[in-house]
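> Model the structure of this input:
(one chain, ligands or ions: 1)
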Amino acid sequence: MPKNIVIIGGGAAGFFAAINHAQLHPEHSVILLEKSVQLLSKVRISGGGRCNVTHACFEPKELVRNYPRGSQELLGPFHRFQPRDTIAWFAERGIELKTEADGRMFPVTNSSQTIIDCFLKEAEKHGVNIRTKCGVQSLKNGVVELQSGERLEADAVILATGSAPFGHQLVQTLGHTIVKPVPSLFTFNVPDSPFHDLSGVSLQDVQVSIENTSLHQRGPFLFTHWGFSGPAVLKLSAWGARYLHDCDYQANVNIDWLPAQTFEQTRQQLVECKNQNARKQMGKEIPIKIPKALWNKLLTLNSFQPDQLYQSASNKDLNRLAQMIHQTIQKISGKTTYKEEFVTAGGIALKEVNFKTMQSLIEPKLYFAGEILDIDGVTGGFNFQNAWTTAHIAAQSAS
Ligand SMILES: Cc1cc2nc3c(=O)[nH]c(=O)nc-3n(C[C@H](O)[C@H](O)[C@H](O)COP(=O)(O)OP(=O)(O)OC[C@H]3O[C@@H](n4cnc5c(N)ncnc54)[C@H](O)[C@@H]3O)c2cc1C
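Below you'll find the model as predicted:
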């Protein structure tokens, strides 16, 4: 029997749910409601305009490790729809994705417009009725009331309003719990950093930890003119999103510039270098694998001069330098939004959702998809993968 399916939110999750449902059930009426004039606005700006669609990680158990919130709940759903399925879904529609060295996947066109065009074309092909400037006011028992006063009767509603406060308030009126939203995926401001003049310098492997916690991340690191960025910092901001919010983004970070080796190995390398290059300038002979600019900075922070000869450095001073190479403590004070990808931690409490169907355990006709849930991933395409997976399952179940 034909049914009425209403999807609220014209973003990544809403579109994916609408297209998949309309394709699966051509006999149903599928209405997609978007409150603004712009459809897919986050997809457009995502990944710096390139749209990091997903990540080349095909083992669900490994994939879920990239979700500071939602990892347990996503394990089942990823066995049903994972990055391999995302790649196939787009390939079937003529969109080829490419994988970058770090595993991020983008359309080969390097343009988010490719994804938008694909969604608009598919929605039209499968008869999705897209209505913009249609903000939803309230929802109860499948009756969707628009801000204009119009009422739509639905057999199932998929709510995909992202991190917008509206969606949170709406489900709270239905009895759902909202885990307090806080920002995730940001860079650290370090106003008193002695490293500001290293802005633009990057390292491939650094470990950054938040002092007095077990929070730490390892990976590429970038100095910015206001502080620290790069995947290691962004991932740490995701895992530490709630902790950092609670301490008002005031914390000490501990940086190990050479996590691949021990303090003792570094100390020996410095001493050996001194013994072999006694008459050479310290700034010119770098015994460890770090950028020259950082080496010179660490020298000056340890009261060495880059033009000083190794023979004048005592082993005690070299110990101190090795100590700083493995433990530079910096005070972060504030955060900066990372323009390429940011996301909200928090949303609908996951224990109130059936992850086999994405159905609300409180309101039977209601399903959820995307960022409205208390799920978020680290940077790299994991947030869209959450949108595709939950939307796909909601689309299959919502009839
Ligand atoms: C700058 C930026 C770049 C990003 N880049 C990436 C990336 O490259 N890769 C990645 O994986 N993730 C990326 N993300 C995260 C990703 O965009 C989100 O996780 C994803 O868009 C969530 O999809 P969604 O459909 O759940 O929510 P959204 O995309 O936020 O869509 C929700 C929609 O609901 C609409 N809405 C809200 N209230 C109502 C209402 N009352 N009635 C009707 N409609 C309503 C909104 O207008 C919006 O269109 C990025 C985020 C940002 C901000």
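> So is the one helix or strand in the chain whose mean pLDDT sits lowest next to the ligand?
When each helix and strand of the chain is scored by mean pLDDT, DSSP states H and E, strand 136-140 comes last, with a mean of 93. Yes - Strand 136-140 reaches the ligand (C-beta under 6 Å from any ligand atom) through Val136. (Each C-beta comes from the backbone N, C-alpha and C, glycine too.)
> neighbouring contacts of that strand?
8, 33, 35, 144-147, 157, 159, 166, 170, 173-174, 363, 366 (C-beta atoms under 8 Å, 6 or more residues apart in numbering).
> for stretch 392-399, same thing?
By C-beta under 8 Å, 6+ apart, stretch 392-399 touches 3, 5, 16-21, 24-25, 28, 77, 80-81, 85, 155-158, 160, 355-359, 367-369.
> Also stretch 260-267?
Asp205, Leu258, Ile288, Leu318, Asn319, Ala322, Gln323, Ile325, His326.
> hmm, back to that, which of the contacts of stretch 392-399 fall within helices?
Here DSSP state H is the test, and these give Phe16, Ala17, Ala18, Ile19, Asn20, His21, Leu24, Pro77, Arg80, Asp85 as lying in helices.
> Buried among these? Make that a ChimeraX selection.
To isolate the buried ones among the ones in helices among the contacts of stretch 392-399 in ChimeraX, judged by 16 or more other C-beta atoms under 10 Å, type:
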select :16,17,18,19,20,21,77,85
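> circling back: please dump the contacts of stretch 260-267 into JSON lines; it should also carry secondary structure for every row.
Output for those, formatted as JSON lines (DSSP: H, G, I helix; E, B strand; the rest coil):
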{"residue": "Asp205", "secondary structure": "strand"}
{"residue": "Leu258", "secondary structure": "coil"}
{"residue": "Ile288", "secondary structure": "coil"}
{"residue": "Leu318", "secondary structure": "helix"}
{"residue": "Asn319", "secondary structure": "helix"}
{"residue": "Ala322", "secondary structure": "helix"}
{"residue": "Gln323", "secondary structure": "helix"}
{"residue": "Ile325", "secondary structure": "helix"}
{"residue": "His326", "secondary structure": "helix"}
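> of these, buried ones?
Leu258, Ile288, Leu318, Ala322, Ile325, His326.
> picking up where we left off before, pull out the CA atoms of the least confident helix or strand of the chain and give them to me as CSV.
The C-alpha coordinates for strand 136-140 follow below in CSV (Å, rounded to 0.1, in the frame of the first residue of the first chain):
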residue,chain,number,x,y,z
VAL,A,136,9.0,22.3,10.6
GLN,A,137,7.3,23.5,13.7
SER,A,138,6.2,20.4,15.5
LEU,A,139,5.8,16.7,15.2
LYS,A,140,3.6,14.2,17.0
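> Give the rounded mean pLDDT of the helix or strand just after it.
Using DSSP states H and E, the helix or strand that directly follows strand 136-140 along the chain is strand 143-146. Averaging pLDDT along strand 143-146 yields 96.
> so how far is strand 143-146 off the chain centroid?
On the basis of C-alpha atoms, centre = their mean, to the nearest Å, strand 143-146 sits 32 Å off its chain's mean C-alpha point.
> Show the subsequent helix or strand relative to that strand.
strand 151-153.
> Walk me through which strands that next one pairs with, and which way each runs.
strand 143-146 (antiparallel) (DSSP bridges).
> related to what we said a few turns ago, could you dump the ones in helices among the contacts of stretch 392-399 into JSON lines with pLDDT and distance to the ligand added?
Shown next, in JSON lines, are these (pLDDT from 0 to 100; distance: C-beta to the nearest ligand atom, whole Å):
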{"residue": "Phe16", "pLDDT": "98", "distance to the ligand": "8"}
{"residue": "Ala17", "pLDDT": "98", "distance to the ligand": "9"}
{"residue": "Ala18", "pLDDT": "98", "distance to the ligand": "11"}
{"residue": "Ile19", "pLDDT": "98", "distance to the ligand": "13"}
{"residue": "Asn20", "pLDDT": "98", "distance to the ligand": "13"}
{"residue": "His21", "pLDDT": "98", "distance to the ligand": "15"}
{"residue": "Leu24", "pLDDT": "97", "distance to the ligand": "19"}
{"residue": "Pro77", "pLDDT": "98", "distance to the ligand": "14"}
{"residue": "Arg80", "pLDDT": "98", "distance to the ligand": "18"}
{"residue": "Asp85", "pLDDT": "98", "distance to the ligand": "15"}
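> Looks to me like Gly47 is in a strand.
No - counting by three-state DSSP, one finds Gly47 to be helix, located in no strand.
> Identify the residue spatially nearest to it, adjacent ones excluded.
Using C-beta to C-beta, 6 or more residues apart in numbering and skipping residues adjacent in sequence, the residue nearest Gly47 is Glu340, 6.0 Å away.
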